[in-house]
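# predicted model, plus sequence, below.
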Amino acid sequence: MATTTPPTTETSSTAIVGHDDLYRQPTFLTSVVKSDTFRLFLALVALIVVFSVLKPTAFPTLSNTLNILSDAAILLVLAVGATFVIITAGIDLSVGGVLVFSSVVSAMVMAGIGDGTPLTLIIGLIVALVAGTLWGILNGFLVAKARIPALIVTLATMGASLGASLLITNGVDVRNVPFSLVEAVGSGTVAGIPVLALIALVVAVMFGIVLAQTRFGRYTYAIGSNAEALRRTGVNTTRHLIKVYALAGLLAGLAGYLSTARFATTTLGGHSTDNLATITAVVIGGASLFGGRGLMIGTIIGVFIPVVLQNGFVVLNISPYWQQIAVGAVLLGAVYLDQMRRRSRDR
Amino acid sequence: MATTTPPTTETSSTAIVGHDDLYRQPTFLTSVVKSDTFRLFLALVALIVVFSVLKPTAFPTLSNTLNILSDAAILLVLAVGATFVIITAGIDLSVGGVLVFSSVVSAMVMAGIGDGTPLTLIIGLIVALVAGTLWGILNGFLVAKARIPALIVTLATMGASLGASLLITNGVDVRNVPFSLVEAVGSGTVAGIPVLALIALVVAVMFGIVLAQTRFGRYTYAIGSNAEALRRTGVNTTRHLIKVYALAGLLAGLAGYLSTARFATTTLGGHSTDNLATITAVVIGGASLFGGRGLMIGTIIGVFIPVVLQNGFVVLNISPYWQQIAVGAVLLGAVYLDQMRRRSRDR
Amino acid sequence: TTGEPAADAGPAKSLTTADLAGKTIGFIPGVNDPFYISMQCGIEAAADEYGMKVSTQIPQQFEAAVQTPILNAMVATAPAALLIAPTDAQALVPPLTKAVSAGIPVGLVDTTLADPSLAFTSISTDNAIGGGQAADALADLIGKKGKVLVIAFKAGASTSDARQKGFEDQIKTYKDITYLGAQINDNDPAKAASIVSATLAANPDLAGIFATNLFAAQGAATGLRNSGAEGTVKMVGFDAGSGQIEQLERGDVQALIAQKPGEIGKLAVEQVVAHLTGGEVKKSIGTETVIITQENLKDADIQDAIYKESC
Amino acid sequence: MPASTSAVQPLLQATNIKKSYGHVQAVRGADFTVYPGEIVSLIGDNGAGKSTLVKILSGTVTPDSGTIEMGGKEIKFDGPTSARDHGIETVYQDLALAPDLDPASNLYLGREVFRKGLLGKLGFLDRKLMLDNAQLQMAQLGVKLKDISAPVADLSGGQKQSVAVARAAMWAQEIIFMDEPTAALGVVQTQQVLELILRVKAAGISVVLISHNMPQILEVSDRVEVLRLGQRVARFNAADATVDDLVTAMTSGTMEVNN
Amino acid sequence: MPASTSAVQPLLQATNIKKSYGHVQAVRGADFTVYPGEIVSLIGDNGAGKSTLVKILSGTVTPDSGTIEMGGKEIKFDGPTSARDHGIETVYQDLALAPDLDPASNLYLGREVFRKGLLGKLGFLDRKLMLDNAQLQMAQLGVKLKDISAPVADLSGGQKQSVAVARAAMWAQEIIFMDEPTAALGVVQTQQVLELILRVKAAGISVVLISHNMPQILEVSDRVEVLRLGQRVARFNAADATVDDLVTAMTSGTMEVNN
Ligand SMILES: Nc1ncnc2c1ncn2[C@@H]1O[C@H](COP(=O)(O)OP(=O)(O)OP(=O)(O)O)[C@@H](O)[C@H]1O
Ligand SMILES: Nc1ncnc2c1ncn2[C@@H]1O[C@H](COP(=O)(O)OP(=O)(O)OP(=O)(O)O)[C@@H](O)[C@H]1O
Ligand SMILES: O[C@@H]1[C@H](O)[C@@H](O)OC[C@H]1O
Ligand SMILES: [Mg+2]
Ligand SMILES: [Mg+2]
């Protein structure tokens, strides 16, 4: 078979194509409005509007809003930590157990001191934070150093921390926590806003800034994006990963303290589903389980969507069996809306 | 600064380096012994040996072995499906709900027919399989077509399938299942081996072969390894993903049927942790949550390690609080052993 | 039924029973199971007599963290009264305190609080006594000797703890019975099944099992059947759903300690009505248990004790 | 087949193709022509839009607008399958290999060979056949793999590229797009690929070669088309062009007069 | 600095380096020498072990055996940090970029610049400074990015490679290893990188260049070392060598006499 060499016109100049034509710098506003997170935010707003219209007397009230804030607070604290972990392409199933453990040891210490002075409350806080952080370091060490898959590590420490809590309490919740803690933190308000919610929001904003603005945050993205690339630039990725898990542990410790304050007791049996709830919130918020992507503002919205749904459905008095179905459907819808724009890029 | 051009010796031939020298073809035996899965298998064997030594009269008995097999059976059926899903870099949290749903509808159909003839049992089986498959197709559709993250999809369908089960049963377990089912499948034995365990093993071996030997299996690995590459070769990756989730659903349906047979009733309240247990087994078995890697033999071992642990600790009569800690520790140890060799390659 | 008169009888504003029509009672059980369904039936039937509505919301797990947001949302709907089975004796105190201060009277059913004073009434089975009855029944079944095991459905749930404690205190009085301790199944039947089969492997001479609720009983019976030990190892279960009755008929289980959930529900509504209309309110009511065996199963009053599946 | 005149009907004709990613215009009205049985090079600066255009013409990426004709008839690719059905194969710049699979599995990805008989009907693969053929194909490219069963992830850069090239060469019927197929290859392997390209052409299959190696391009091509900032700016007969001509066209921003 | 005699002390001297992956011997007793301020090319067939050797010499991979000396003193790299501390930078063949981060973040990865003042102490990044510098660096390589804030995943093949090259050039103190740095680059960008290499050398930094482009190698190198099947088989003074010499050494399997 012969080959052909078709004719060719030699070039002649017609128009200079300017380089900058190829890229239209978006305005700040369009880039916000077109962002993934904004669509998710709209989904949340839509939910709130629908519930408010359907039950104007019960849903959009101040007290119900405060309920929702309180319900979300502890989950949000956990989810802030999980955001970091998930961006590193990790996973932390241990938060519920670490929460309980921290809650138990700090409650025991406070009960041991026996009074309800601010100093006691602060000691209790420190104990909770330290306890949480230690579990987090253990997680980080096993994941980063021993290179055991995070799922296994944190499932094991979930069991271990819960088991340890049961052991030291003999399976009975610590109940004699200072009531001042409950009053000040658990059900206290500042300017009408629950202290729990305030603390959670401060934590979220603070670590949102850390994630977006600091080197710590950047390494977190880099590890999840390509850990080997980060390692080759000479960064001690092991140490950074340990820090990330330690942070998740610290926040689980804080959550444990807040939980003690909220429920006026430790809640040994109440946190087996915290891990999935947390991870779900982060993933709804747009982070990828494959790492490298995620925003704190997404996580915040991702925490509120299920909480608002749950509250709204109960307020509407939808049959509980239907609720499970409806929650699933609405969740899918909200995430689908958000996801449509993300297609082009990889998984 | 001047540059140097150091002296060079021109080459002169000394020895021909043979090409084949660079690669020592391993014998079949060494490649088995050095394989990751073999080390995991050794960990399992070590566990069995330790328990047997500690409790020679109770642990390594025939009847206890059969106990362990029965305990593992349903989990194994679920884990076979999860192996496929996880190799595609997916995740299926819905298996517990789908199991319950399939169990419920098939039990209702069998109870409706009202007799215990083999035909009725077969109809029940088909109903369970179809029900499970339909949920699986829904999962697959939402993951592959709507591109919603698998975690969200399957969390939603978990709730939805459980909600649907509660709705159609009004929250009460279906119990008037034919007792012939319980006798034949649930507690029946063939040559002394529980029928449940036999079915599970047949399923595992069959789908192990599918995974290793067929095109279906190969596409499963390819999707998890680089879905875009597979798509570019012209394979309909969407359809394949749907098939994989459908398979996981089908097996959850089968598991639902087996569960009905085992408990002589549906178990509406009992499957909220099946998903994590299943995923854990697959990951212990060496599959990566990032997809592309995993073996059915690993999954089988990964199912048995926690089941053996749990059985062994109860046999040793270790306090349940300590058990949670010990299970975690041993799990970490077993996976660590296995993991040590995997380091070199990526995550 | 026993009870002491309430210290502070009646709310501030008293209604007539006619005013109650159309008002809503909120009901939050601990989890979804036939026990609570029967209770819901009792509540709905009794409420219906006063033309009241019942709105029921069910936690998916028997956990405080799952129950609390449901409670909070329920409070937002401002029901006339709230009946709840708190899943933790302490953890539900703060949110329930908020409910009360929002003007919603709270009654406790089945489970209770460490300090139930915030509730205008608490109505429950005497679980410690029930546990003791289970011990006696099991002891009789095994000829007062041998090894026994407890499957506790949840560490920290007041009913589970009380049944276990009641059982332990009573079983100690049998000197030839060896108590192997309690294992926890976390409301998971499969876990109960594997605990039982493993215990049997370690103690082939296991004589008896006490399962503290229906999830525990369901799984334990399965474990026995799988090990071929049904009937040989005697079993006493708490609760009497139809599934448990079937196990009893088959001989997998020898005795059931049945609560009276329907009655708890009915009494609870009566207390709600009394509270709202300024009638006499009983601060605490204990309901009885009934022991069901194959022998008395056919009795009419025993048939009544079987839990309902739908109202 | 007719001699080289403008009367020859193009095998593939793309007109006014546009594609943006978010705010970035990758291809902005590009044209491209492939004649039957020719080797045509597509050249352009980094970021000119070559790879994007290739992905569009091989069905992997959907253009925002523009038309593609094959044999004079307009076609719409809905996904790579339809391109494949038109006999188009592609060596992608990112190689598009499954790193966890071995070279043989990658070569046969999407075209697995089944065993004979019942097992084959059940979907069982003939792994031996595929393995043997793969080894043959790789050897033709001058590549000897030390461990043929190692996953592609473990291969050297050049070895990976050889797998991608071998795959496309194995299956093409009408056109092969080769996006920088020799970038990572050694001297010998590069030569083998160039020979392969000539063999492919001799078999009547058109080759579209993307490369930054101008001498190489002039060596093997019949024609050269130049892309700049997402548009075709020039076309050359390779025989008449010099490296300087090409470089000037790529860099100095002139736009071709439509012919 | 002394003229080119054998008396010049090597800057880096690797002796008898071995590395196996499972059953595959990637490097089997390789030697390699870098003199101060020179451009030395490391060439060899695909799979010869060049990239593996580079990874070993930049601390990324731990060899099974062998010694590495710098300035006459034996050193042990425990990880890339120690190589970096010795002033070594590397352009890896797989580029080693974080695809989700933008080019500026990648350029400064591991060497982030903090803001002034308290915020800086708290770990806050000076993103503007890094962004501006990154744009400058990229421009020097002839690369203009359309969207400087786009993640590296979205860049074209050549753009990605430019990011990797710019990064290494920015930070090297003693030696830059460049593993096929121009493989994906356009004509202009390739020329820029070659000029960059000469500038780097002029600043007294040694460059180790891996490339399959023999004319390019002879154009810029002072010396050439040849790897074959994991061993050094020849060394050339670039000035004295021809492309044929190099190709023969790479392919015909002779082993150098130790000098
Ligand atoms: N998926 C994508 N998302 C966003 N921008 C993209 C994407 N793919 C390509 N681009 C942009 O489109 C332009 C063209 O890219 P393309 O890969 O087609 O260039 P190319 O001509 O192949 O360059 P090279 O010679 O470097 O391979 C580049 O500016 C690139 O950044
Ligand atoms: N991580 C690894 N696991 C297993 N084998 C590997 C690994 N890395 C490299 N190899 C093998 O070692 C040999 C040398 O690879 P290397 O990447 O060093 O070659 P190279 O000289 O850089 O080749 P190229 O010119 O193609 O880039 C190859 O046969 C390759 O398959
Ligand atoms: O009494 C209740 C019953 O036994 C069952 O529902 O489990 C929870 C218990 O509180
Ligand atoms: Mg390109
Ligand atoms: Mg290489």
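Structure's in. What do you need? Numbers count the residues shown, from 1 in each chain, chains lettered A, B, ... in the order given. Ligands and ions are numbered 1, 2, ... in the order given.
# you'd agree C:Gln218 is up against B:Leu268?
No - here C:Gln218 does not reach B:Leu268: they are 10.4 Å apart, not a contact under Cβ atoms under 8 Å. All C-beta atoms are positioned from the backbone trio N, CA, C, and that covers glycine.
# looking at the two, which one has more neighbours?
Between C:Gln218 and B:Leu268, C:Gln218 has the larger neighbour count (other Cβ atoms under 10 Å in any protein chain shown), namely 32 against 23.
# spatially, what comes nearest to that one if we skip its sequence neighbours?
C:Pro189 (4.5 Å; Cβ to Cβ, 6 or more residues apart in numbering or on different chains).
# and if you look at D:Leu12?
Nearest residue to D:Leu12, sequence neighbours excluded (Cβ to Cβ, 6+ apart): D:Val34, at 4.2 Å.
# isn't that neighbour right up against D:Ser206?
Yes - the pair D:Val34 and D:Ser206 qualifies as a contact (Cβ under 8 Å) at a distance of 5.1 Å.
# between those two, which contacts overlap?
Common neighbours of D:Val34 and D:Ser206, counting by Cβ atoms under 8 Å, 6 or more residues apart in numbering or on different chains, are D:Leu11, D:Leu12, D:Val40, D:Ile175.
# what separation do you get for the first one and B:Thr169?
Going from D:Leu11 to B:Thr169 by Cβ to Cβ, to the nearest Å gives 64 Å.
# that older thread, tally of neighbours for the residue nearest to C:Gln218?
Look at C:Pro189: counted by other Cβ under 10 Å, it has 28 neighbours.
# you'd agree it is up against C:Gly219?
Yes - at 3.4 Å, C:Pro189 counts as touching C:Gly219 under the criterion of Cβ under 8 Å.
# okay, and the common contacts of these two?
Residues within reach of C:Pro189 and of C:Gly219 at once, by Cβ under 8 Å, 6+ apart, are B:Phe263, B:Gly270.
# any buried residues in stretch A:127-143, and which?
Buried residues in stretch A:127-143, counted by 16 or more other Cβ atoms under 10 Å in any protein chain shown: A:127-129, A:131-143.
# out of these, which are inside helices?
Judged by DSSP state H, these include A:127-129, A:131-140 as members of helices.
# which stretches of chain A aren't confidently modelled?
Chain A contains residues with pLDDT under 70 at A:1-34, A:338-347.
# quick one, strands of it?
Under the criterion DSSP state E, chain A carries strands at the ranges A:189-190, A:193-194.
# for the last one, packing partners?
Taking 3 or more Cβ pairs under 8 Å, 6 or more residues apart in numbering or on different chains; DSSP states H and E as contact, the helices and strands that strand A:193-194 lies on are helix A:62-87.
# what comes up buried for the helix it packs on?
For helix A:62-87, a neighbour-count test (16+ other Cβ under 10 Å) marks A:64-87 as buried.
# and it, what other elements does it pack with?
helix A:95-113, strand A:193-194, helix A:195-213, helix A:215-232, helix A:237-263, helix A:274-284, helix A:296-315, helix C:64-76.
# what would those look like in CSV with mean neighbour count?
Listed next are these as CSV, based on neighbours: other Cβ atoms under 10 Å in any protein chain shown:
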stretch, mean neighbour count
helix A:95-113, 27
strand A:193-194, 18
helix A:195-213, 19
helix A:215-232, 24
helix A:237-263, 27
helix A:274-284, 26
helix A:296-315, 24
helix C:64-76, 26
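# okay, the ones you listed in CSV with distance to ligand 5 next?
Output for the helices and strands packed on helix A:62-87, formatted as CSV (distance: least, Cβ to the ion, whole Å):
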stretch, distance to ligand 5
helix A:95-113, 43
strand A:193-194, 59
helix A:195-213, 36
helix A:215-232, 15
helix A:237-263, 23
helix A:274-284, 37
helix A:296-315, 39
helix C:64-76, 54
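# ok, which of these comes nearest D:Ile217?
Taking Cβ to Cβ, helix A:215-232 is the member of the helices and strands packed on helix A:62-87 nearest to D:Ile217, at 32.5 Å.
# ok and the residue in the stretch 101-250 of chain A nearest chain D?
In the stretch 101-250 of chain A, the residue found nearest to chain D is A:Glu228; the distance is 12.0 Å by Cβ to the nearest Cβ.
# mind checking how far that residue is from B:Leu151?
Here A:Glu228 is placed at a distance of 25 Å from B:Leu151 (Cβ to Cβ).
# and the one helix or strand C:Val269 maps to with ligand 3, contact?
Under the criterion of DSSP states H and E, C:Val269 resides in helix C:261-277. No - judged by Cβ under 6 Å from any ligand atom, helix C:261-277 and ligand 3 are separated, with a smallest distance of 7.8 Å.
# just the C-alpha atoms of that helix, please, in CSV.
Written as CSV, here are the backbone C-alpha positions of helix C:261-277 (Å, rounded to 0.1, in the frame of the first residue of the first chain):
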residue,chain,number,x,y,z
PRO,C,261,-44.4,-3.2,78.6
GLY,C,262,-48.0,-2.5,77.6
GLU,C,263,-48.9,-1.9,81.1
ILE,C,264,-45.9,0.4,81.6
GLY,C,265,-47.2,2.4,78.7
LYS,C,266,-50.7,2.5,79.9
LEU,C,267,-49.7,3.5,83.4
ALA,C,268,-47.4,6.1,82.0
VAL,C,269,-50.3,7.7,80.0
GLU,C,270,-52.5,7.7,83.1
GLN,C,271,-49.7,9.5,85.0
VAL,C,272,-49.4,12.0,82.2
VAL,C,273,-53.2,12.6,82.3
ALA,C,274,-53.1,12.9,86.1
HIS,C,275,-50.2,15.3,85.9
LEU,C,276,-51.8,17.5,83.3
THR,C,277,-55.2,17.6,84.9
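# now the helices: where do they sit in the stretch 1-150 of chain D?
D:50-57, D:80-85, D:103-107, D:117-121, D:127-140 (DSSP state H, counting those that start in this stretch).
# what's the offset of the fourth one from the middle of its chain?
Same thing as helix D:117-121. Put simply, helix D:117-121 sits 34 Å off its chain's centre (Cα atoms, centre = their mean, to the nearest Å).
# same question for that helix, mean pLDDT?
Averaged over helix D:117-121, pLDDT sits at 91.
# so for the chain, the centremost residue is which one?
You didn't say which chain, so I picked chain A. A centroid search over chain A (Cα atoms, centre = their mean) returns A:Ala79, at 1.8 Å, as the residue closest to the centre.
# think we crossed wires, I meant chain C
Closest to where the C-alpha atoms of chain C average out (Cα atoms, centre = their mean) is C:Asp110, at 5.0 Å.
# wait, doesn't that one sit right on C:Ala85?
Yes - contact criterion Cβ under 8 Å: C:Asp110 and C:Ala85 qualify, at 4.1 Å.
# can you give me the neighbour number for the residue nearest to C:Tyr50 when sequence neighbours are not counted?
Leaving out its chain neighbours, the residue that sits closest to C:Tyr50 by Cβ to Cβ, 6+ apart is C:Leu20, at 4.6 Å. Using other Cβ under 10 Å, C:Leu20 has 20 other residues around it.
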